[in-house]
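Chemist: model this:
(chains A and B)
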Amino acid sequence: MEENRPNIDQLIQSSFDSFEPQLPNGIWNNIDDQLNQKDLAKRKVIFGWSSVAAVVIIGLSGMLFFNMPDNASVGIINENSSINNESHSKSTNNKITQNSNLENGLLSNSENKELSGPKISNSVKSRSTNSPNNFITKSTLHNNKSLNSGLSNSEILVKSEEVDLISELKSEADYNYFFEDLTSKDLELTNTTILQLPASSQIPQKPTKQKRSIWAFEVGYDQNQTAINYAVEAQLSQYVHKNFINRMKQSEFALAAPQLHLVLRYQLNPNWSVSTGLGYSQTRISQNFNFQDSTPVSLAQGNEADINGNYPIFGYAGLGIPVLYSGNQTISMISVPVNLGYQKPINKTWSFSSELSLRYNKITTTAGKTLDYHDLSLIDGLDYRGQIWSAKMSVGAEKRVSLRDIWGVRLNTQGALTPFNTVNSPVSNRGWSLGMSVFYRYSIW
Amino acid sequence: MYGHCLRYAGNVEEAQDVLQDGFIKVFEKISSLKDANSLEGWMSRIFINLALSNYRKRKAGPDLIEMEPLQEVLTDKDDDIPQDELDPKLVLQQIQKLPEKYRLVLNAFAIDGLSHKEIASLLDTTESNTKSILSRARKIMRDWLNKKDNKK
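Modeler: The predicted model follows:
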């Protein structure tokens, strides 16, 4: 409170001391209705977010599940391992063969040459699997404290049975498969035999060819901005002058942000994919109008109310009252996108990436005021449809950072295929926006 | 509270809207009220804040143009105004005729006792601007009172 107020303040203040106006009829009912509506809207939002959270949790669980180390198979190997002297003697008699094309990753029995026999550093045990997990590299060995050191580059550890297998590798595919998991971390060293290879032979590099994954999860974020393009409904064009619409086009814009989606993706072939899931987006519309000087002088018609009791909007050549309006609206939507993707590799890691998306959008909440275009009064922004269809097209590039992980960025354009506004709205908007999308894709199998 | 709304609003419909929105806010925030004895003051503050923030949001940004202070009104001399008891309905009518920002500032400062700092913050403008607006609003009210008195 500030002191030394002038008398005028005290006079005005005191005049209201005993002022108790009568409450308007039905106010409590209106408040009750509005509270119920708010409660319903809150529940809808909670339901919407719960759905998104459920999809995210399911997605992450899937990623974790499919990314778990294959402990079960290691366990089987361990359980089945047993000391068997017969096996030992058998394995020591095996010969490892090497093709002259070894460095090129090819083995064949036709040009075998005998290598020096295996140097046994450990007891050899029998096993019931021929999984390539039984190979380990020198680097893996050195990382394991229980290993004996001093292995040269040409030494690999191999289980006894692998000696047979290695001599039977005939094709490049066999060879690649055999060496694919050479860096496996869960080998049982007690089950291995050190084989001495000649100095000229090196452990071939793991094939760089990547296996194509069929299923993947993808999360993405879009940020778009656009001017909304208004069109006047034909039957109302006599009431809404084109200059008003032009003014609206100049003064109103929509910002779609953020737009999030999580989809499950299926790769049809190396180039084409389809995906679907859930999305959440917000469209924020900002309106700043001044209609006062928007109409030409020559226009002079429509001074009578129409059948709905609305006075047609016509200009007053800047001579009438100013019609200033500014406001913001937020429209939230839960979306179900159906996407068709096309990728074309540019090099080993980069690919051209594009997508065509059709979305069903359920408008969950609207907030803020908007302009009633009939009489230019301020009304709640409720004249929106409950659901709309929209489309998105995007082109860009994606980068594979590992066998499973891909990041990408695309330019997109998206907009509503059906108007946001209800049928009786005097104008309809078909906003197409331009924006940027980023996404992350995780291959699950 | 309806009295508050009528004073801040330009017409009855707008006042009813503010009243409705204000009560909804009151019901939503009632759990944050710590002292039940201060209920009336707390509610008043909610309605005042709502009326002022509605104006600010509608204008979407600071559009209260900085005004040049009027020397003759800044002196706020009001020795000459009639001191009779005023009919609240007439005062209300006159307040509602004031330009919107004049009405808001006069109500908030002269009747509800908010400081210029608080008003400026709620209306997203400067203190010097609200002071200038208040002076102009007082001048209009003073002129009206004098005119009314002369008619008697």
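
Chemist: alpha carbons only for contacts and neighbour counts from here, please
Modeler: Noted.

Chemist: just the C-alphas of the helix or strand harbouring residue B:51, formatted as CSV.
Modeler: Here residue B:51 sits within helix B:39-59, counting by DSSP states H and E. Output in CSV follows, covering the C-alpha atoms of helix B:39-59 (Å, rounded to 0.1, in the frame of the first residue of the first chain):
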residue,chain,number,x,y,z
LEU,B,39,-9.3,-15.9,2.3
GLU,B,40,-10.9,-12.7,1.2
GLY,B,41,-7.6,-10.9,0.5
TRP,B,42,-6.3,-14.0,-1.2
MET,B,43,-9.3,-14.2,-3.5
SER,B,44,-9.3,-10.5,-4.3
ARG,B,45,-5.7,-10.9,-5.3
ILE,B,46,-6.5,-13.7,-7.7
PHE,B,47,-9.3,-11.7,-9.4
ILE,B,48,-7.1,-8.6,-9.7
ASN,B,49,-4.2,-10.6,-11.1
LEU,B,50,-6.5,-12.3,-13.5
ALA,B,51,-8.0,-9.1,-14.8
LEU,B,52,-4.6,-7.5,-15.3
SER,B,53,-3.0,-10.6,-16.8
ASN,B,54,-6.0,-11.0,-19.2
TYR,B,55,-5.3,-7.6,-20.5
ARG,B,56,-1.6,-8.3,-20.9
LYS,B,57,-2.1,-11.6,-22.7
ARG,B,58,-4.7,-10.1,-25.0
LYS,B,59,-2.2,-7.5,-26.0
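
Chemist: measure how buried the nearest residue to residue A:271 once chain neighbours are set aside is and give me the count.
Modeler: Excluding the flanking residues, the one nearest residue A:271 by CA to CA, 6 or more residues apart in numbering or on different chains is residue A:343, at 4.8 Å. Residue A:343 sits with 20 neighbouring residues when counted by other CA atoms under 10 Å in any protein chain shown.

Chemist: now swap in residue A:358 and tell me
Modeler: Using other CA under 10 Å, residue A:358 has 20 neighbouring residues.

Chemist: centre-most residue in chain B?
Modeler: Centroid-nearest residue in chain B, with CA atoms, centre = their mean: residue B:107, separated by 2.2 Å.

Chemist: pLDDT wise, what is that residue at?
Modeler: With respect to pLDDT, residue B:107 scores 86.

Chemist: check residue A:390 too.
Modeler: pLDDT for residue A:390: 87.

Chemist: contacting residues for it?
Modeler: Taking CA atoms under 8 Å, 6 or more residues apart in numbering or on different chains as the criterion, residue A:390 is in contact with A:358, A:359, A:360, A:361, A:414, A:415, A:416, A:417, A:418.

Chemist: shouldn't it be within a strand?
Modeler: Yes. The assignment for residue A:390 is a strand, going by DSSP: H, G, I helix; E, B strand; the rest coil.

Chemist: so residue A:419 is in which element?
Modeler: Per DSSP H and E, there is no helix or strand for residue A:419.

Chemist: with residue A:266 instead?
Modeler: According to DSSP H and E, residue A:266 maps onto strand A:252-267.

Chemist: and that strand, average pLDDT?
Modeler: Averaging pLDDT along strand A:252-267 gives 79.

Chemist: please report how far residue A:40 lies from residue A:18.
Modeler: To residue A:18, residue A:40 is 39 Å away according to CA to CA, to the nearest Å.

Chemist: try residue A:386
Modeler: Look at residue A:386 and residue A:18: by CA to CA, they are 47 Å apart.

Chemist: what about the two, which has more around it?
Modeler: Using other CA under 10 Å, the more surrounded residue of residue A:386 and residue A:18 is residue A:386, with 15 against 8.

Chemist: my guess is that one meets residue A:362, correct?
Modeler: Yes. Between residue A:386 and residue A:362 there is a contact at 6.2 Å, judged by CA atoms under 8 Å.

Chemist: now residue A:16, nearest residue through space, not along the chain?
Modeler: Setting aside the residues directly before and after it, residue A:16 is nearest to residue B:88 in space (CA to CA, 6+ apart), at 5.6 Å.

Chemist: what is the burial count for that neighbour?
Modeler: So residue B:88, with other CA under 10 Å, has 19 neighbours.

Chemist: can you check residue A:269 too?
Modeler: Residue A:269 sits with 12 neighbouring residues when counted by other CA under 10 Å.

Chemist: and what of the one 10 residues further on?
Modeler: Number of residues near residue A:279 (other CA under 10 Å) recorded here: 24.

Chemist: now do the helix or strand where residue B:19 lies: which elements does it pack against?
Modeler: Assigned by DSSP H and E, residue B:19 belongs to helix B:12-29. Under the contact criterion of 3 or more CA pairs under 8 Å, 6 or more residues apart in numbering or on different chains; DSSP states H and E, helix B:12-29 touches helix A:27-66, helix B:2-8, helix B:39-59.

Chemist: buried deepest among those helices, which one?
Modeler: Ranked by average neighbour count under the criterion mean count of other CA atoms under 10 Å in any protein chain shown, the helices and strands packed on helix B:12-29 are headed by helix B:2-8 at a mean of 23.

Chemist: what does it rub up against?
Modeler: Residues from elsewhere that reach helix B:2-8 (CA under 8 Å, 6+ apart): A:19-23, B:12, B:15-16, B:18-19, B:44, B:47-48, B:51, B:92, B:95-96, B:103-104, B:107.

Chemist: the same query, at a cut-off of 7 Å, please.
Modeler: The contact list for helix B:2-8 (CA atoms under 7 Å, 6 or more residues apart in numbering or on different chains) reads A:20-21, A:23, B:12, B:15, B:18-19, B:51, B:92, B:95-96, B:103-104, B:107.

Chemist: about what we covered before: thought the residue nearest to residue A:271 was touching residue A:351?
Modeler: Yes. Contact criterion CA atoms under 7 Å: residue A:343 and residue A:351 qualify, at 6.2 Å.

Chemist: re earlier: mind listing what the residue nearest to the centre of chain B touches?
Modeler: Residue B:107 touches B:7, B:8, counting by CA under 7 Å, 6+ apart.

Chemist: so where's the chain uncertain?
Modeler: Here I'm looking at chain A. For chain A, the stretches with pLDDT under 70 are A:1-6, A:65-213, A:226-257, A:287-327, A:369-384, A:420-431, A:445.

Chemist: oops, wrong one, chain B.
Modeler: Low-confidence segments of chain B (pLDDT under 70): B:58-85, B:149, B:151-152.

Chemist: longest single helix anywhere in chain B?
Modeler: Counting by DSSP state H, the longest helix found in chain B is helix B:127-151.

Chemist: tell me the buried residues in it?
Modeler: For helix B:127-151, a neighbour-count test (16 or more other CA atoms under 10 Å in any protein chain shown) marks B:127-142, B:145 as buried.

Chemist: just the buried residues of stretch B:119-126, please?
Modeler: Under the neighbour-count criterion of 16+ other CA under 10 Å, stretch B:119-126 has B:119, B:120, B:122, B:123, B:124, B:125, B:126 buried.

Chemist: kindly report the same for stretch A:261-273.
Modeler: Buried positions in stretch A:261-273, judged by neighbour count with 16+ other CA under 10 Å: A:261, A:262, A:263, A:264, A:265, A:266, A:267, A:273.

Chemist: which outside residues touch it?
Modeler: With contact meaning CA under 7 Å, 6+ apart, stretch A:261-273 is reached by A:214-221, A:274-280, A:340-344.

Chemist: same question for stretch A:38-56.
Modeler: Residues contacting stretch A:38-56 (CA under 7 Å, 6+ apart): A:278, A:334, A:364, A:365.

Chemist: would you say the residue nearest to the centre of chain B is within a strand?
Modeler: No. According to three-state DSSP, residue B:107 belongs to no strand; its state is helix.

Chemist: relative to residue A:406, how far out is residue B:54?
Modeler: The separation that residue B:54 has from residue A:406, given CA to CA, amounts to 47 Å.
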